[in-house]
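Novice: sharing a model prediction with you, sequence too.
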Amino acid sequence: MNFFKRAWLNVWAKKGRSVLLILVSSAILMFVLAGLLIRSAAVKATDQAKADVGATVTLSANRQAAFKKMQSSSSSSSKSSRPKMTLTPVKLSDATKIAKLSNISSYNVTSSTSVNAKSYDTVSTSSGLSGGNSGGPGGMKSSTSTGDTQIDGVTSTSLATDFSSKQSKITKGRGITTADKNTNHVVIEKDLASQNNLTVGDTITVKEATGSKDKVKLKIVGIYKASSTSSSSAGPMSTDPANTMYTSYTLANTFKGSKYAGTADSVTFNVSNPAKVSSVKTAGKKLINTSKYALSTDDSSYQTVKASMSNVKSFANKIVWLVAIAGTIILALIVILMIRERRFEIGVLLSLGEARWKIVAQFFTEMLMVIVVAVAIAGAGGKFVGNQLGSQLVSQSATTTQTTSTTGQPGGSGTPGGSGMKGGNGGPGNMGQSTNTKAAKTELDVSVSAVNLAELGGFGLAITFLSIMIASGGILRLEPKKVLIS
Amino acid sequence: MLKTQGLGYWYQDKDQPLFQDINLEFEVGQSCAILGHSGTGKTTFLSLIAGLDKPKEGDILLDDRSLKKIGLTNYRRHDVSIVFQAYNLFTYMSPLNNLLTAMAITGAEHAGDKDFALKTLNDLGISADLATRNVQHLSGGQQQRVAIARTMACDAQLVVADEPTGNLDEDNTKEVIEQFQRIAHDRQKCVIIVTHEPDVADQCDHQYRLENKQFTKLA
């Protein structure tokens, strides 16, 4: 294959031109690679989001059905009696059945109430709004407690939204776990602890706000710190967030009264694969009495990340194709000019009886040599360009998606249950905060893999082939006599 | 060896041909000069017998085989070697690589033989040192000798040259013409040289003048 040798001799002899071609090709391929990297990173990030952000299905009282029931009873009763909405507490036996469904990775039982401080002083807020009902508009409270200390009963603090979204964290001791079931263990807020000189191992006394109004001793097993926005009782009629204590849901039920044993305000199930949320909800509905209970889903975190990554992926695709097309045109023009200045050489080759396809193959080989070096350079530089472009894209995309999310999704700020207005914990009302936090944290892991380099090589080859084919029209039509004799 | 039968050529108008009904015969072991003023069509005639263009009428036969049947590309590759006034070497190569490339394309007997190529160049006064430099570093006379060496290395039966001495001084002209004579006589090739210089033509075995659309044999 003599044309290989000719190609090599030409590339080597015309070093300046070859270097220039390598630089142009590298620039084109670097952007193609950046696009490819961002695209594959977006796919990876979407897959990762499935595993990371997850989705939840919440079992709670059917508020809508209860409201309808209240309306129908108010129309039939006399004007003097005020209608009352009754929410049926969730039965833990129903929750256990749903927990056995596939794709449920864990679940958290939530039962909230309030008690009155006995052996300690609560933290007072300057607004003077403490002492109200602890259930905010978005919460699921059915109890009518009026204590100054909010009790959030959970299965495990690590599964509670405030803790899983890192808005609250244990600073001393430990959180509530399943092992604390049927115990008087409690986790208190740092400000409350420091105000009363309390630490892990100490015992505090509270007085039940309803029923027998007994005094109950609680053992502090952990101290947590809540961020200023992280409050499960920050409603206008609630106590200071620092007065919220976490206990096992069994203890919270004890405070609420004996009829609440084996029940919960709500149960939040974590779904391992967000894509299966709908099927879990459908299967779960078959296990409960839907006139009393409702199953609500929240895969907004996943949807937010998915939408964000979808934008990035679409943009990356456009980059790849635009750069590839522009690159082909640019390279084709360069090759056309290059071939025009080599008409004489082509004429000599034709006069020697060289086949036209071999002359085209020589130019293709020359460009291939250039492209191989360009792919190597682009491989080294593409990661940098991809990182810069990717982080810019993600930040723009995440901002856009968050704006959409906060104005259009339940739980976002501005809707009941959003930040500053949240009431109960674990209900659908306070999911917006963690959604945005997680979406904002989504980053692209732009790294060059062998597959990316193979794809880039493919694009490089295609660009070279097309540009040579476009430019070769002249070679195929060239008459040696016209070149050599004139 | 090479015959033209009723050969004719025109550019636009058949009524104004460059030449018409040309019947010539060229034999191996002889050199032949074609003389004529500028614009008479001698270079066009050369392009036809070199297989660079097709005649408008008539035919060219090589050993009684029509070039139409042989195919122009095949004919150029195996049967004819061309030497141009402007040398037409590959400017990005050394003389040695110019010869090796031409030998590879034409499938010459010694294709790939570096020593043969160096000896051929050496026979024409191109030393081994000059043979490995870029051709652009050689003088005009040296470049023309490289072009002739390429012709010799390719081993074609027919050698055609278009004003091969056009860019050379007197000494180089003499030397180049001697080389063509050696190719014709020693290597038993058919050499056809197009020239407008009578001194060059005088050194060839036969002379034709193209005038008034016809060839006239002078000697």
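Specialist: Cool, the structure landed.
Novice: model confidence score at the residue in chain A that chain B sits nearest to, please.
Specialist: For chain A, the residue closest to chain B is residue A:353, as judged by Cβ to the nearest Cβ, at 2.5 Å. Where you see a C-beta, it was placed from the backbone N, CA and C, and this is true even at glycine. For residue A:353, the pLDDT comes out at 90.
Novice: could you count how many residues lie near it?
Specialist: 25 (other Cβ atoms under 10 Å in any protein chain shown).
Novice: touching, it and residue B:77? I think so.
Specialist: Yes. Between residue A:353 and residue B:77 there is a contact at 2.5 Å, judged by Cβ atoms under 8 Å.
Novice: what do those two both touch?
Specialist: Residues touching both residue A:353 and residue B:77 by Cβ atoms under 8 Å, 6 or more residues apart in numbering or on different chains: B:105-106.
Novice: re earlier: give me the element the residue of chain A closest to chain B is part of.
Specialist: Under DSSP states H and E, no helix or strand contains residue A:353.
Novice: list the contacts of it.
Specialist: Residues near residue A:353 by Cβ under 8 Å, 6+ apart: B:73-78, B:105-106.
Novice: now the helices: where do they sit in the stretch 101-250 of chain A?
Specialist: A:161-164, A:190-195, A:249-256 (DSSP state H, counting those that start in this stretch).
Novice: which strands or helices does the last one pack on?
Specialist: Looking back up the chat, that one is helix A:249-256. In terms of contacts (3 or more Cβ pairs under 8 Å, 6 or more residues apart in numbering or on different chains; DSSP states H and E), helix A:249-256 is packed against strand A:104-117, strand A:149-154, strand A:215-226, strand A:263-264.
Novice: so for residue A:341, what's the pLDDT?
Specialist: Residue A:341 carries a pLDDT value of 85.
Novice: check contacts around the closest residue to chain A within chain B.
Specialist: In chain B, the residue that lies nearest chain A is residue B:77 (2.5 Å; Cβ to the nearest Cβ). Residue B:77 makes contact with A:352-354, B:105-107, according to Cβ under 8 Å, 6+ apart.
Novice: distance of the residue of chain A closest to chain B from residue A:10?
Specialist: Distance, residue A:353 to residue A:10, by Cβ to Cβ, to the nearest Å: 20 Å.
Novice: then residue A:276?
Specialist: For residue A:276 relative to residue A:10 (Cβ to Cβ), the value is 60 Å.
Novice: these two: which is more packed in?
Specialist: In this comparison of residue A:276 against residue A:10, neighbours counted by other Cβ under 10 Å, the higher total goes to residue A:10 at 22 against 19.
Novice: thought the more buried one was touching residue A:366?
Specialist: Yes. Counting by Cβ under 8 Å, residue A:10 touches residue A:366, with 5.8 Å between them.
Novice: quick one: name the residues of chain B near chain A.
Specialist: Proximity of chain B to chain A, by Cβ under 8 Å from any Cβ of the partner chain, involves residues B:43-44, B:47, B:50, B:52-53, B:73-78, B:82, B:84, B:88-93, B:97, B:101-102, B:104-106, B:134, B:154, B:162.
Novice: coming back round to it: between the helices of the stretch 101-250 of chain A, which one is nearest to residue B:3?
Specialist: Taking Cβ to Cβ, helix A:161-164 is the member of these nearest to residue B:3, at 97.3 Å.
Novice: now chain B, which segments are flagged as low pLDDT?
Specialist: Regions of chain B meeting the criterion pLDDT under 70 cover residues B:219.
Novice: wait, what's in contact with the residue nearest to residue A:42 when sequence neighbours are not counted?
Specialist: Leaving aside its chain neighbours, residue A:42 sits nearest to residue A:313 (4.0 Å; criterion: Cβ to Cβ, 6 or more residues apart in numbering or on different chains). Residue A:313 is in contact with A:38-39, A:42-43, A:46, counting by Cβ under 8 Å, 6+ apart.
Novice: and residue A:313, what are its phi and psi?
Specialist: phi -60, psi -40 (degrees, to the nearest 10).
Novice: near chain B, which residues of the stretch 301-450 of chain A?
Specialist: A:344-345, A:347-355.
Novice: what residue ranges in the stretch 301-450 of chain A score low on pLDDT?
Specialist: Judged by pLDDT under 70, the stretches of the stretch 301-450 of chain A that qualify are A:390, A:392-446.
Novice: ramachandran angles for the residue nearest to residue A:227 when sequence neighbours are not counted?
Specialist: Leaving aside its sequence neighbours, residue A:227 sits nearest to residue A:167 (Cβ to Cβ, 6+ apart; 4.9 Å). Backbone torsions of residue A:167, given as degrees, to the nearest 10, read phi -80, psi -20.
Novice: shouldn't residue A:167 be in contact with residue A:226?
Specialist: Yes. With contact defined as Cβ under 8 Å, residue A:167 and residue A:226 form a contacting pair (7.0 Å).
Novice: for stretch A:209-219, the averaged confidence score.
Specialist: Rounded mean pLDDT across stretch A:209-219 is 82.
Novice: what about the closest residue to residue A:176 other than its chain neighbours, how many residues nearby?
Specialist: Take residue A:176 and drop its neighbours on the chain: the residue closest to it by Cβ to Cβ, 6+ apart is residue A:157, 4.7 Å away. If you count neighbours by other Cβ under 10 Å, residue A:157 ends up with 25.
Novice: what separates residue A:157 from residue A:108, distance-wise?
Specialist: 9 Å.
Novice: common neighbours of these two, please.
Specialist: What both residue A:157 and residue A:108 touch, as defined by Cβ under 8 Å, 6+ apart, is an empty set.
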